[in-house]
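> sequence? don't have it. structure:
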C-alpha cells in the first residue's frame, strides 16, 4: 500500500520495536537513553529543553512532538520552550555564518 | 465561562460522562477496563486499608470557573452544605480517631458556615486541611483575614497554582488569576504560612494546564521554589503534583480539543501497579454537600456512591461497615494510577 507521507505520528510509539531486528544494540541504546534523561547535574526540565532544541536542529518531527510534551510535563513554559528553539536556530545560523570566515580566507588566497 | 450545568451542556449529565468513559461514544478506543487492570495487579476488589482522611466537600459554589474543574464549580452553582449536615459530619468524626479532615469545594470558604466548621473540627483535636484556591482571599474584604483565621486554628493550606508563569496559570484558571494568587500567597506568607519555623504549612498543587501528565514532583518543586522566591518573594513548603482526571470540565476540554483519545492512552500506558496499591480512596471517605458518601471526590462528581451495602449517608456513618466496603472504580481511575500516581496529597510512589 502506498503511504501518503513519510512520517506517521503513530510510528513514534513503535520506536521500541527497533530491538526486534537487533536486540542487543537496541536494548543498550534504550538503557543509555533512559540513563541520559535522569536527573543529574542537569535537571530533568533542563534536559527536556536541550532535547527540544536539538529536535529542532535535527528537524525530527517525532522528537519535536515527544519533547514538547516532555518539556510541558517537566514544568517548562512557552517562553522557555521558544528560547530553547532560538538557541538551536542561533547555533544553526551561526554554524553557517562562521564558515563565512573560511570563505573570506579562501577568497583572499585567490585574490590579488 | 459558565459551569456545564448553567450551559445545559450534555456533559452536565454524569450518566453521559460515564457513557463517554465507557468508550461507547468514542470510536477506535480499546482500553482495558480499569477493574481488569486491578484484577491483574491482585487488587480487585479494592478494599480500604484504614480511614485516615475525612474529605468534606462543603459545596460547589466558587469564585472561579477553572477550565479543568472536575467539580463543575463556579459562581453559578448554589449547592452548599448546611450546618445541620456539617453537624452530622462532626458527630461521625467524634466517633472515630480519623486524624485529618480535608475541606474542599468549590471555594469552601464561601460556605457561610465554613469558619464554624473549622472551629468545631479543631475543637475535636483533628488536623484541618483547606483546599484554598488563593484568589478567594483577595476576592472580597470579608475574606482578607482568612490567613490569620487559618493560622489561629493551625489549618494546613493546600492551594492550586498550576505554574510559576502567569500565562500557563491564567490559561487554566482564568484571566488575572495568577496575579491575584501571588498577592494571596504573599498574605499567607505574612501570616507565617510556608515560613521556616512557623509550623504553618502551605503546600502548592501543580496540575497540568493541558493534556499531559505531571513530571517529577521533586524537580517541579525545586523550580517552583526558585521562581516564586526570585520573582515574587513567595515561599511555601511542598509542591504536590496531581494528575487531571477525565471528569466534568476537563473531560469537556479533552473532547473539544481532540485530545481525549491521546490522553486516555497516556493514562492507560502509564498504569503503575505500585500507584494502584497506594490510591487515596483506600484511606479516604468523601462526603458530598448533601451528606452522601463516596470513595473519593471524583466518584462524587460522577454520582458514583459507595457500594450499595455500605452506609450511603453520613447520618448512617459506621466505620466498620465502611472499612469493609469494596471501592467503586471506573475508567477515570486510570488518572490516579498513572506514572508516579496521583492523589489529593500529590504523587503516591
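Great, that's in hand. Quantities reported herein were computed from a predicted structural model and do not represent experimental measurements. Numbering: from 1, shown residues only, chains lettered A, B, ... in the order given.
> all contacts plus neighbour counts: C-alpha atoms, from now on.
Will do.
> pull the number of nearby residues for residue B:303.
Here the neighbour count serves as a burial measure; for residue B:303 (other C-alpha atoms under 10 Å in any protein chain shown) it reads 16.
> how about it, secondary structure?
coil (DSSP: H, G, I helix; E, B strand; the rest coil).
> how about it: what's its closest non-neighbour residue?
When the adjacent residues along the chain are set aside, residue B:303 lies closest to residue B:14, with 6.6 Å between them (C-alpha to C-alpha, 6 or more residues apart in numbering or on different chains).
> who's in contact with that neighbour?
Contact partners of residue B:14, counting by C-alpha atoms under 8 Å, 6 or more residues apart in numbering or on different chains, are B:248, B:301, B:302, B:303.
> show me which of those is closest to chain A.
Distance from chain A was checked for each of the contacts of residue B:14 by C-alpha to the nearest C-alpha. The minimum falls on residue B:248, at 22.0 Å.
> these two touch, right, that closest one and residue B:9?
No - with the criterion set as C-alpha atoms under 8 Å, residue B:248 and residue B:9 do not qualify as a contacting pair; they are 10.3 Å apart.
> distance of the spatially closest residue to residue B:214 that is not a sequence neighbour relative to residue A:13?
Distances taken as C-alpha to C-alpha, 6+ apart place residue A:73 nearest to residue B:214, at 5.0 Å, with adjacent residues excluded. From residue A:73 over to residue A:13 the distance is 18 Å, taken as C-alpha to C-alpha, to the nearest Å.
> who has more neighbours, those two?
It is residue A:73, of residue A:73 and residue A:13, that has more neighbours when counted by other C-alpha under 10 Å, with 24 against 9.
> more neighbours, residue B:248 and residue B:9?
Taking residue B:248 and residue B:9 together and counting by other C-alpha under 10 Å, residue B:248 has the greater number of neighbours (25 against 11).
> for that one, which residues are in contact?
Contacts here follow C-alpha under 8 Å, 6+ apart; on that basis residue B:248 touches B:4, B:11, B:12, B:14, B:17, B:68, B:69, B:70, B:71, B:72, B:301.
> those residues: which two are farthest apart?
Greatest spacing in the contacts of residue B:248, by C-alpha to C-alpha: B:14 and B:68 (15.8 Å).
> OK, contacts around residue 53?
Let's take chain A. With contacts defined as C-alpha under 8 Å, 6+ apart, the neighbours of residue A:53 are A:84, A:85, A:86, A:87, A:88.
> nope, chain B please
Contacts of residue B:53 by C-alpha under 8 Å, 6+ apart are B:98, B:99, B:100, B:101, B:102, B:283, B:284, B:285.
> what pairs with it across the strands?
Beta-bridge pairing of residue B:53 under DSSP bridges involves residue B:100, residue B:284.
> for it, give me the pLDDT.
In this prediction, residue B:53 carries a pLDDT score of 98.
> how much space between it and residue B:165?
Here the criterion is C-alpha to C-alpha. By it, residue B:53 lies 32 Å from residue B:165.
> buried set for whichever helix in chain A runs longest?
Residue-count comparison of every helix in chain A, with assignments taken from DSSP state H, identifies helix A:78-110 as the longest. Within helix A:78-110, the residues that qualify as buried by neighbour count (16 or more other C-alpha atoms under 10 Å in any protein chain shown) are A:81, A:84, A:85, A:87, A:88, A:89.
> so the last one makes contact with residue A:57?
Yes - in this structure, residue A:89 sits in contact with residue A:57. The criterion is C-alpha under 8 Å, and the distance is 7.1 Å.
> got the residues of the stretch 201-349 of chain B near chain A?
Residues of the stretch 201-349 of chain B lying near chain A by C-alpha under 8 Å from any C-alpha of the partner chain: B:208, B:212, B:213, B:214, B:215, B:216, B:219, B:220.
> who wins on neighbours among those?
That'd be residue B:214 among those, by other C-alpha under 10 Å, with 28 neighbours.
> quick one: pLDDT of that one?
Reported pLDDT for residue B:214: 94.
> hang on, it packs against residue B:242?
Yes - checked against C-alpha under 8 Å, the pair residue B:214 and residue B:242 is within contact range at 7.0 Å.
> pull up the overlap in contacts between these two.
With the criterion set as C-alpha under 8 Å, 6+ apart, the overlap between the contacts of residue B:214 and residue B:242 is B:206, B:207, B:208.
> phi, psi for the residue nearest to residue B:303 please.
With angles defined as degrees, to the nearest 10, residue B:14 shows backbone torsions of phi -70, psi -30.
> how much space between it and residue B:268?
Separation of residue B:14 from residue B:268 (C-alpha to C-alpha) stands at 22 Å.
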